[in-house]
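Colleague: Turn this into a model:
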Amino acid sequence: QQVKMMPLILQVHDGLAWLAQLCLFLILGLLVTPSELVPLVGSGLILAFALIFVIRPVTVVATLWPFGFNRREIGFISWVGLRGAVPIVLALFPVLADLPDAKLVFHAAFFIVLVSLLVQGTTMAPLARKLKLEVPASEAPFRRFPLDVPATGDHELMLFPLRGKSWEKPKKISLLRLPEHTAVAGIFRDRECLQPRPDLEVSAGDVLALFATPIGVTELSKVLSTREAPKHLAERTFFGDFVLNGDALLGDVEQVYGIELKEMPSELTLAKCFALRTKGHPVVGDIVTIGPVSLVARAIEADRVTKVGLKMES
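Modeller: As a prediction, this is how the structure comes out:
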């Protein structure tokens with residue numbers, strides 16, 4: 001019962017979290033006196049840049065290097081230490097306690113947060129792209145509603161709005177390659193609900209309501225994807241043309257594709273290869289190169305790679 005209600009609970013909590021953040025920053029903004037920030041520009045910039053370029057990178061390197069993170073990952077983690085509402089709230093405590101120079105501490109913290117958001121926040125995406133740490137974005141249903149009836153099993157009602165260039169040309173429902181145990185409940189168009197007839201065509205602007213299980217969400221999201229990924233993040237370009245199970249053996253890969261992978265024993269599974277290279281904590285997008293083959297982690301469950309993309313050098 002609790003597992004079924006989890007998506008609904010997360011939606012409510014996500015809305016409450018955003019509302020709380022808006023209220024928090026509004027209140028904090030009312031407490032700031034802009035004229036008192038001007039004298040802090042010089043010392044505030046020195047302290048902010050020291051935190052961004054020296055203190056956090058040294059701390060990240062010192063704490064993460066034993067855990068198998070590569071240089072690109074450590075560099076990105078060092079850069080994404082954004083300051084937010086927490087430091088400002090902590091800086092309020094001296095003000096509430098009416099300590100000497102408490103206002104100075106509060107305004108200094110506020111100024112450093114602004115610098116952090118402007119410098120780090122605006123460069124985060126370009127830096128991830130430059131360090132080649134981007135992975136294809138996963139599509140998710142716009143809404144998920146659990147069905148609190150024993151006869152429905154794990155099925156949920158999911159809503160998928162159809163948007164983007166891929167849906168400008170109408171497609172028949174019967175031609176959609178939906179995963180198993182999935183059924184179209186209805187199509188919403190111009191505030192009307194249409195019955196899902198096989199010859200009915202859907203296009204951009206429609207909203208598909210489907211009954212599906214959580215296991216099929218990933219495959220379903222790919223079929224109904226509304227994003228047009230850049231070329232370097234296209235699924236075949238990023239993951240390769242072949243999809244393998246994580247429990248497949250290297251020896252089987254050698255036989256099927258007629259290649260030799262001498263760097264690792266043939267009795268190892270693909271999941272084990274990732275576990276060895278990443279010290280047991282792989283993430284989607286991790287790459288293991290063995291001879292002429294690059295293995296790319298596509299799906300992960302509990303620190304175990306379940307789906308692997310295979311890319312072969314020409």
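Colleague: Can you read off the backbone torsions of residue 100?
Modeller: With angles defined as degrees, to the nearest 10, residue 100 sits at phi -60, psi 140.
Colleague: so how far is residue 42 from it?
Modeller: Distance, residue 100 to residue 42, using CB to CB, to the nearest Å: 22 Å. No exception for glycine: its C-beta is placed from N, CA and C like everyone else's.
Colleague: just residue 9 next, same as before
Modeller: 48 Å.
Colleague: repeat for residue 192
Modeller: Residue 192 sits 62 Å away from residue 42, taking CB to CB as the criterion.
Colleague: Over to residue 196?
Modeller: Separation of residue 196 from residue 42 (CB to CB): 65 Å.
Colleague: State the three-state secondary structure for residue 311.
Modeller: Of the three states, residue 311 takes strand according to DSSP: H, G, I helix; E, B strand; the rest coil.
Colleague: list the contacts for the residue nearest to it when sequence neighbours are not counted?
Modeller: Sequence neighbours aside, residue 240 is the residue nearest to residue 311 in space, at 3.5 Å (criterion: CB to CB, 6 or more residues apart in numbering). Residues in contact with residue 240, defined by CB atoms under 8 Å, 6 or more residues apart in numbering, are 294, 296, 309, 310, 311, 312.
Colleague: make it 7 Å
Modeller: 296, 309, 310, 311 (CB atoms under 7 Å, 6 or more residues apart in numbering).
Colleague: shaky segments in the stretch 1-150 of the chain?
Modeller: Applying pLDDT under 70 to the stretch 1-150 of the chain flags residues 1-7, 138-139.
Colleague: mind listing the strands in it by residue range?
Modeller: 143-146 (DSSP state E, counting those that start in this stretch).
Colleague: how does the protein divide into domains?
Modeller: Each domain of the chain is listed here as a residue range: 32-130, 143-223, 231-312, per automatic domain parsing.
Colleague: Pull out the buried residues from stretch 294-313.
Modeller: Residues of stretch 294-313 classed as buried by neighbour count (16 or more other CB atoms under 10 Å): 294-300, 304-305, 307-311.
Colleague: Which ones among these map onto strands?
Modeller: 294-300, 304-305, 307-311 (DSSP state E).
Colleague: export these to TSV and tack on pLDDT and distance to residue 109?
Modeller: Formatted as TSV, those follow (pLDDT from 0 to 100; distance: CB to CB, whole Å):
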residue	pLDDT	distance to residue 109
294	87	45
295	89	46
296	90	42
297	89	39
298	87	42
299	83	41
300	85	38
304	88	42
305	89	42
307	89	45
308	90	46
309	90	45
310	89	50
311	86	47
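Colleague: Between which two of the residues you listed is the distance greatest?
Modeller: Using CB to CB, these span at most 20.9 Å, a distance reached by 304 and 311.
Colleague: Sort out which one of the buried residues of stretch 294-313 lies nearest residue 266 for me.
Modeller: residue 295 (14.3 Å).
Colleague: now that closest one: how far from residue 264?
Modeller: 10 Å.
Colleague: Need the residues touching each of the two.
Modeller: Contacts common to residue 295 and residue 264, judged by CB under 7 Å, 6+ apart, are residue 273.
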